[in-house]
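A.B. asks: Predicted model and sequence below, questions to follow.
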Amino acid sequence: MLSAGNTKTVASSAAGPVDIPVEPDRVSLGDREARVVVVEFTDFQCPFCGRFYRDTFPGLRSAYIDSGKVRLIVHNFPLEFHGQAKAAAVAADCAGQQQRYWQMTDALFSHPGTLDEETYGRLGRDLGLDESRFAACRTDPAELKNLAADESLANSVGVRGTPSFFVGRVSGGKLVGARQLVGAQGLPALAAVIDPLLAESSAH
């Protein structure tokens, strides 16, 4: 995995097209029938993930996701040197079980330096979650298995740092021939990959 220092220096990478399974029940935003998909691997303690979420995500959502052109699918990739990254990922996924994933994501990226069990409980209360259900979910061994599956997927497609993005078309339940972009990408960099794929999809 990349260290904190050289994660910062990575702007983008095209390590060759890859195929990624598109799971129907995976955390996502946008039209499930969208032909173009962005798969993101994120870490809630990663400052560059936070930068993407604050600076680029709103524009990506407005221009492509809310319009139904693109679906965003999120996977966790907690880096080893971020001590709260796994627990934060579990908190987000558990909030998602109560339809509050994106609200919890916003809250977690707003508190990068104060992530701990007390914070997760407080944020859950602030979001109106069922507290006992939320607490039970955060200690459920199944959640760690889900995290391990995300990490295995990330390693299999060559993810080394966060945030990492794969952009491609969906065919046969897979993201095929996806281009990889690494780092806190701006909207123009993502659009340069997304727009040609949208043009291809509309031509078929």
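C.D. replies: Thanks, I have the structure now. Residues are numbered from 1 along each chain as shown.
A.B. asks: Next, find the distance separating the residue nearest the centre of the chain from Gly124.
C.D. replies: The chain has Val74 as the residue nearest its centroid, 3.1 Å off, counting by C-alpha atoms, centre = their mean. The spacing between Val74 and Gly124, counted by C-beta to C-beta, to the nearest Å, is 19 Å. For the C-beta atoms, the positions are set from N, CA and C on the backbone; glycine is no exception.
A.B. asks: do Val90 as well
C.D. replies: 12 Å.
A.B. asks: Need the three-state assignment for the residue nearest to the centre of the chain.
C.D. replies: Secondary structure state of Val74, per DSSP: H, G, I helix; E, B strand; the rest coil, is strand.
A.B. asks: Tell me who's in contact with it.
C.D. replies: Neighbouring residues of Val74 by C-beta atoms under 8 Å, 6 or more residues apart in numbering: 26-29, 39-40, 42.
A.B. asks: just to revisit the earlier point, looking at Val90 and Gly124, which one has more neighbours?
C.D. replies: It is Gly124, of Val90 and Gly124, that has more neighbours when counted by other C-beta atoms under 10 Å, with 24 against 21.
A.B. asks: and the host helix or strand of Arg71, how far from the chain's centre?
C.D. replies: Assigned by DSSP states H and E, Arg71 falls within strand 70-76. A distance of 5 Å separates the centroid of the chain from that of strand 70-76, by C-alpha atoms, centre = their mean, to the nearest Å.
A.B. asks: Now do the strands in this protein.
C.D. replies: Using DSSP state E, the strands assigned to the chain run over residues 18-21, 28-29, 36-42, 70-76, 164-171, 174-182.
A.B. asks: okay, these, which one's buried deepest?
C.D. replies: Among the strands of the chain, strand 36-42 has the highest mean neighbour count (mean count of other C-beta atoms under 10 Å), at a mean of 25.
A.B. asks: roughly how far apart are Glu143 and Asp150?
C.D. replies: Glu143 sits 11 Å away from Asp150, going by C-beta to C-beta.
A.B. asks: An error on my part: the question was meant for Gly50.
C.D. replies: Separation of Gly50 from Asp150 (C-beta to C-beta): 19 Å.
A.B. asks: Also Phe81?
C.D. replies: Taking C-beta to C-beta, one finds Phe81 at 18 Å from Asp150.
A.B. asks: Show me which of the two is the more surrounded one.
C.D. replies: Asp150 (21 against 13).
A.B. asks: Touching, that one and Lys86? I think so.
C.D. replies: No - checked against C-beta atoms under 8 Å, the pair Asp150 and Lys86 is beyond contact range at 10.3 Å.
A.B. asks: Overlap of the contact sets of those two?
C.D. replies: With C-beta under 8 Å, 6+ apart, Asp150 and Lys86 have common neighbours Asn76.
A.B. asks: what are the ranges of the helices in this structure?
C.D. replies: Along the chain, counting by DSSP state H, helices occupy 4-9, 47-55, 57-60, 85-96, 101-109, 117-126, 131-138, 141-156, 187-203.
A.B. asks: Now do the buried residues in the longest one.
C.D. replies: Pointing back at helix 187-203 there. When burial is assessed from 16 or more other C-beta atoms under 10 Å, helix 187-203 yields the following buried residues: 187, 189-191, 193-194, 197-198.
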